[in-house]
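Student: Turn this into a model:
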Amino acid sequence: VQLQASGGGLVQAGGSLRLSCAASGRTFSSYAMGWFRQAPGKEREFVANIRWSSAITYYARSVKGRFTISRDNAKNTVYLQMNSLKPEDTAVYYCAAGPYPGDYDSWGQGTLVTVSS
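Tutor: Next up is the predicted model:
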């Protein structure tokens with residue numbers, strides 16, 4: 001599956017952004033989807049994932065309560081709504097797809113989120 005992430009940008013602390021990841025190729029609805037991020041000088045880290053049914057989601061502790069992952073299988077798109085953004089959320093955000101959460105075999109190109117203080 002091919003993934004195209006978008007929606008990044010510059011926002012002030014406390015603001016919101018919504019990232020989108022459009023998928024094409026194989027059957028999107030059967031795949032688990034995840035968001036990851038990589039800050040400058042740091043390793044890539046998990047942010048959130050969602051199973052195919054949308055009923056099961058999981059978040060990193062650092063974003064739980066502020067970020068919401070969702071998907072629209074009719075549009076082959078997964079979203080990451082980010083609220084109450086903090087400067088430490090600054091990173092390149094990547095979406096990923098795979099048969100199971102944690103087993104991702106496709107990655108998008110990343111979209112940059114910059115949160116100013």
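Student: count of residues packed around the closest residue to V47 other than its chain neighbours?
Tutor: Nearest residue to V47 in three dimensions, chain neighbours excluded: W35, at 4.2 Å (C-beta to C-beta, 6 or more residues apart in numbering). Using the backbone N, CA and C atoms, a C-beta is placed for each residue, glycine as well. W35 has 26 neighbours, counted by other C-beta atoms under 10 Å.
Student: Look up how far A96 lies from the residue sitting nearest the centre point of the chain.
Tutor: In the chain, the centroid-proximal residue (C-alpha atoms, centre = their mean) is W35; its distance is 3.0 Å. Distance, W35 to A96, by C-beta to C-beta, to the nearest Å: 8 Å.
Student: Check S54 too.
Tutor: With C-beta to C-beta as the criterion, S54 and A96 are 17 Å apart.
Student: Which stretches in this protein count as strands?
Tutor: Shown for the chain, the strands assigned by DSSP state E span residues 2-6, 9-12, 17-24, 32-38, 45-50, 57-59, 67-72, 77-82, 91-98, 106-107, 111-116.
Student: one step back: between S54 and A96, point out the one with more neighbours.
Tutor: A96 (26 against 15).
Student: Next up, the contacts around that one.
Tutor: L3, M33, G34, W35, F36, Y104, S106, W107, G108 (C-beta atoms under 8 Å, 6 or more residues apart in numbering).
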